[in-house]
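> Sequence first, predicted coordinates after that:
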Amino acid sequence: MSASLLRIAELNAAYAAAIDADRLEEWPEFFVEDCLYKVTTAENLRLGYAAGVIYADSRAMLRDRVAALRKANVYERQAYRHIIGLPRVRAEPGETVAETPFLVVRTMRDGRMDLFATGLYLDRVREEAGSLLFAERIVACDSNRFDTLLAIPL
Amino acid sequence: MSASLLRIAELNAAYAAAIDADRLEEWPEFFVEDCLYKVTTAENLRLGYAAGVIYADSRAMLRDRVAALRKANVYERQAYRHIIGLPRVRAEPGETVAETPFLVVRTMRDGRMDLFATGLYLDRVREEAGSLLFAERIVACDSNRFDTLLAIPL
Amino acid sequence: MSASLLRIAELNAAYAAAIDADRLEEWPEFFVEDCLYKVTTAENLRLGYAAGVIYADSRAMLRDRVAALRKANVYERQAYRHIIGLPRVRAEPGETVAETPFLVVRTMRDGRMDLFATGLYLDRVREEAGSLLFAERIVACDSNRFDTLLAIPL
């Protein structure tokens, strides 16, 4: 069963709201158990490189990541704001394929703001028990210049 | 009666269009008579501070604000562009509660552009005579660094 | 017949996706044969100046433009990301009039990102053989400072 454009847009809005409000513990719950989450660059994708800057292939790995972030605390000095465009969706058997542009602005503790990331979400979305979940989310960033503190989920 | 996500999104689009086109006189008309409009920071909200950088608790106060802006003329040297994300809405008795990310870019007279503000609109929306109006709009900015000329409505 | 807000939003998403993925050859196909495409500034529009920085009054001219871009290759050093807001639409006889805020971020080859353009799309959209096409797209930029390499379609 495929999900409508509007439902995918709502999923993205909820996803971004959880991250931006620092409710990181909710983040893994947007994925299926057996998920794929990867942050990479548009260029790497074009060149066919499989490797990503960040890579997780289960919900447990996403939870580990959040636990590590909470320990490191580095992200606390910043706030993030996702602005997410309208998805382009395509129904496939058993799932919905979506492609969605995003932009993230970072605000430093002293008030300075900068463009942190822009890119495309390349998603496979499934319905489980009435909820839409990401089976796959590839975050293709436009810039290859990654902040070494790239810690928060994109 | 609660408003749908799409109607709230249309309300936001009309609100932003009025401000960005410098039709400021229309701005108070997006609110109910007995409204609350406040610009504050996400941090102040988190800490429970009630005070805002800008505060108005009636449509008349919003009109006064526009009149003051027209007199001061400071805003004329800049143009603003709101980019508003999709709202997350929740129906409550008699109104709709919405939370919507936004970003505002400022363009100076000489053509320079900068990120002016990002944040969340925290809204209570009511239907009056067939129109959706803001009963409450709390503008929670991500940055605590406010331009002293923060004059235009956000 | 007029198009709904959601269909116009989908048209914008497809338009932006084609440009940002460097599928420029698809760009002219978003327009009717006898179209008008113009990039100008909000200020020029306000002052009633008809001239635009970029001007094309047929799909053939748009195709020529893409051919020239492919030859010049200048755009290859950058990537663009459109973030497009929700349109405000109005049905008119035989077409839909739409006004949509946009923001474009440019990423340089070395990874630097900047705000490239913000503004409003002022559109007349028609349905031809089941597809929505732009009869007119006036791109009103907020900034009058145009990059001399302003080459990609906005």
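Thanks, I have it. Residues are numbered from 1 along each chain as shown, chains lettered A, B, ... in the order given.
> Beyond the longest helix along chain A, next helix or strand please.
Among the segments of chain A that qualify as a helix by DSSP state H, the longest is helix A:5-20. Next along the chain after helix A:5-20, taking DSSP states H and E as the criterion, comes strand A:31-41.
> what inclination does the longest helix of chain A have with respect to strand A:31-41?
80 degrees (axes from the mean of the first three to the mean of the last three CA atoms, to 10 degrees).
> Which secondary structure elements does helix A:5-20 sit against?
Contact analysis of helix A:5-20 by 3 or more CB pairs under 8 Å, 6 or more residues apart in numbering or on different chains; DSSP states H and E lists strand A:78-84, strand A:95-108, strand A:113-128, strand A:131-141, helix B:5-20, strand B:88-92, strand B:95-108, helix C:5-20 as its packing neighbours. All C-beta spots, glycine's among them, are computed from the backbone N, C-alpha and C.
> Now with 6 Å, please.
Other helices and strands packing on helix A:5-20, by 3 or more CB pairs under 6 Å, 6 or more residues apart in numbering or on different chains; DSSP states H and E, are strand A:78-84.
> Restricting to C-alpha, output the strand it packs on in PDB.
Provided in PDB are the C-alpha atoms of strand A:78-84 (Å, rounded to 0.1, in the frame of the first residue of the first chain):
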ATOM      1  CA  GLN A  78      23.800  24.400  18.700                       C
ATOM      2  CA  ALA A  79      20.200  24.500  17.600                       C
ATOM      3  CA  TYR A  80      19.100  23.200  14.200                       C
ATOM      4  CA  ARG A  81      16.100  24.000  12.100                       C
ATOM      5  CA  HIS A  82      15.000  21.800   9.200                       C
ATOM      6  CA  ILE A  83      13.000  23.400   6.400                       C
ATOM      7  CA  ILE A  84      11.700  20.600   4.300                       C
END
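> other SSEs contacting it?
Using 3+ CB pairs under 6 Å, 6+ apart, the elements in contact with strand A:78-84 are helix A:5-20, strand A:95-108.
> Okay, buried residues for the longest one please.
It refers to helix A:5-20. Residues of helix A:5-20 classed as buried by neighbour count (16 or more other CB atoms under 10 Å in any protein chain shown): A:5-13, A:15-20.
> cool, the shortest one as well?
When neighbours are counted by 16+ other CB under 10 Å, the buried residues of strand A:95-108 are found to be A:95-107.
> same check, this time on stretch A:123-143
Going by 16+ other CB under 10 Å, stretch A:123-143 has these buried residues: A:123-126, A:132-143.
> Where is pLDDT lowest across the residues you listed?
Among the buried residues of stretch A:123-143, A:Ser143 carries the lowest pLDDT, at 91.
> Contact partners for that residue?
Listed by CB atoms under 6 Å, 6 or more residues apart in numbering or on different chains, the contact partners of A:Ser143 are C:Thr107, C:Gly111, C:Met113.
> If we check chain B, which of the residues you listed are in contact?
Applying CB under 6 Å from any CB of the partner chain, the subset of the contacts of A:Ser143 adjacent to chain B is empty.
> out of those, who's nearest C:Ala79?
The closest of those to C:Ala79 turns out to be C:Thr107 (CB to CB; 4.5 Å).
> bridging residues for that closest one?
Taking DSSP bridges, one obtains C:Ala79, C:Met113 as the residues bridged to C:Thr107.
> Looking at chain A, which residue is nearest chain C?
A:Arg145 (2.6 Å; CB to the nearest CB).
> I'd like to know which helix or strand in chain A has the lowest mean pLDDT.
helix A:42-47 (a mean of 86; mean pLDDT, DSSP states H and E).
> Need the residues that contact that one.
Residues from elsewhere that reach helix A:42-47 (CB under 6 Å, 6+ apart): A:Ala140, A:Asp142, A:Asn144.
> So for it, what gets flagged as buried?
Applying 16+ other CB under 10 Å to helix A:42-47 flags A:Ala42, A:Asn44, A:Leu45 as buried.
> Likewise for stretch A:67-86?
Neighbour count says stretch A:67-86 has A:Leu69, A:Tyr75, A:Gln78, A:Ala79, A:Tyr80, A:Arg81, A:His82, A:Ile83, A:Ile84, A:Gly85, A:Leu86 buried, by 16+ other CB under 10 Å.
> which one in those is the model shakiest on?
A:Tyr75 (57).
> Measure how buried the closest residue to A:Ile138 other than its chain neighbours is and give me the count.
Excluding the flanking residues, the one nearest A:Ile138 by CB to CB, 6 or more residues apart in numbering or on different chains is A:Leu122, at 4.2 Å. For A:Leu122, the count of nearby residues is 18 (other CB atoms under 10 Å in any protein chain shown).
> Not counting its neighbours along the chain, what's nearest the closest residue to chain B within chain A?
Residue of chain A nearest chain B, by CB to the nearest CB: A:Gly111 (2.6 Å). Spatial nearest neighbour of A:Gly111, chain neighbours left out: B:Arg145 (2.6 Å); criterion: CB to CB, 6+ apart.
> mind checking the SS state of that neighbour?
coil (DSSP: H, G, I helix; E, B strand; the rest coil).
> Need the pLDDT of it.
What the model reports as pLDDT for B:Arg145 is 78.
> Could you count how many residues lie near it?
So B:Arg145, with other CB under 10 Å, has 13 neighbours.
> Over to A:Arg90?
11.
> Once you drop chain neighbours, what's closest to it?
Per CB to CB, 6+ apart, closest to A:Arg90 is A:Val97, 4.6 Å.
> Up against chain C, what does chain A have?
A:Ile83, A:Gly85, A:Leu86, A:Arg88, A:Pro101, A:Leu103, A:Leu115, A:Thr118, A:Asp142, A:Ser143, A:Asn144, A:Arg145.
> go again using 8 Å as the cut-off
Residues of chain A found near chain C (CB under 8 Å from any CB of the partner chain) are A:5-6, A:42, A:83, A:85-88, A:99, A:101-103, A:115, A:118-120, A:142-145.
> what about the nearest residue to A:Glu33 once chain neighbours are set aside, distance to A:Arg65?
Nearest residue to A:Glu33 in three dimensions, chain neighbours excluded: A:Arg59, at 5.0 Å (CB to CB, 6+ apart). Between A:Arg59 and A:Arg65 the computed distance is 10 Å (CB to CB, to the nearest Å).
> Next: A:Gly52.
Distance from A:Gly52 to A:Arg65, by CB to CB: 13 Å.
> And for A:Glu136?
16 Å.
> Repeat that for A:Leu122.
To A:Arg65, A:Leu122 is 19 Å away according to CB to CB.
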